[in-house]
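Peer 1: using only what follows, build the 3D model:
(chains A and B)
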Amino acid sequence: KNQVEQSPQSLIILEGKNCTLQCNYTVSPFSNLRWYKQDTGRGPVSLTIMTFSENTKSNGRYTATLDADTKQSSLHITASQLSDSASYICVVITRQSSASKIIFGSGTRLSIRP
Amino acid sequence: EAQVTQNPRYLITVTGKKLTVTCSQNMNHEYMSWYRQDPGLGLRQIYYSMNVEVTDKGDVPEGYKVSRKEKRNFPLILESPSPNQTSLYFCASSYKGSNYGYTFGSGTRLTVV
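Peer 2: As a prediction, the model looks like this:
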């Protein structure tokens, strides 16, 4: 069964600290993986996209990693800011023949405290 | 500004009263989709459309209808809403070849009493 599991479910850290969010997936065949940020009351916004051959990709203070062998991805946030408080959703896309399927994780809720 | 616009943002309705949630995008995207988001379950796809007049069921289509008569609009119709359809709904769109680089709307919070 295609699944995307994220951990932790929620996380509280102090402003300025670093944190890492985890995403494990059992999706096959793998096409690509995205991390989305969802602010409270808003729609998700794409942070990064990673294909099979990519190990690391950065977007400002956000760095995503992908290990396609172990089917794990992480999102590392450096020098956190209050505006980083949001839910972070891992999304994996699988593609068979001409059909694609998108599987969403249930997200990690991150709270940054001053 | 490139965006996906949903209306209304908030809606409280009674069981059985037909309603429509509108979705419009101004980016000429081929692909549009509706999701519902419930606590602990993540986003689940209701219906999607690859282009005008082409729609398909997602993972949780029961109780919903959609139409795609124009490229920019993709309304979600609840013919007879029930309390289990109380949820947060998102419309999203993307270019066909963008690997689902979705642009999401701001969401519609629906309560069915």
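Peer 1: list the contacts for residue 22?
Peer 2: If you meant another chain, say so; for now it's chain A. Residue A:22 sits next to A:6, A:7, A:8, A:72, A:73, A:74 when contact means CB atoms under 8 Å, 6 or more residues apart in numbering or on different chains. C-beta here means a position set from N, CA and C on the backbone, and glycine is covered the same way.
Peer 1: you answered for a different chain; I wanted chain B.
Peer 2: Residue B:22 touches B:5, B:6, B:7, B:73, B:75, counting by CB under 8 Å, 6+ apart.
Peer 1: got those as TSV, with distance to residue A:55, neighbour count and pLDDT columns?
Peer 2: Below are these laid out as TSV (distance: CB to CB, whole Å; neighbours: other CB atoms under 10 Å in any protein chain shown; pLDDT from 0 to 100):
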residue	distance to residue A:55	neighbour count	pLDDT
B:5	37	14	96
B:6	36	23	96
B:7	42	14	97
B:73	40	16	98
B:75	42	18	98
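Peer 1: any low-confidence regions in the chain?
Peer 2: I'll assume chain A. For chain A, the stretches with pLDDT under 70 are A:96-99.
Peer 1: meant chain B, my bad for not saying
Peer 2: In chain B (pLDDT under 70), the answer is B:97-100.
Peer 1: hmm, back to that, and which of the contacts of residue B:22 is nearest to residue B:104?
Peer 2: residue B:6 (9.1 Å; CB to CB).
Peer 1: ok, and what's touching the helix or strand hosting that closest one?
Peer 2: Per DSSP states H and E: residue B:6 is located in strand B:4-7. Defining contact as CB under 8 Å, 6+ apart, one finds that strand B:4-7 is touched by A:43, B:21-26, B:89-93, B:103-108.
Peer 1: note down every partner strand of it and its orientation.
Peer 2: Sheet pairing here is set by DSSP bridges, and for strand B:4-7 it gives strand B:19-25 (antiparallel).
Peer 1: now flag whichever of the contacts of residue B:22 is closest to chain A.
Peer 2: Each of these was scored against chain A by CB to the nearest CB, and residue B:6 proved nearest at 8.5 Å.
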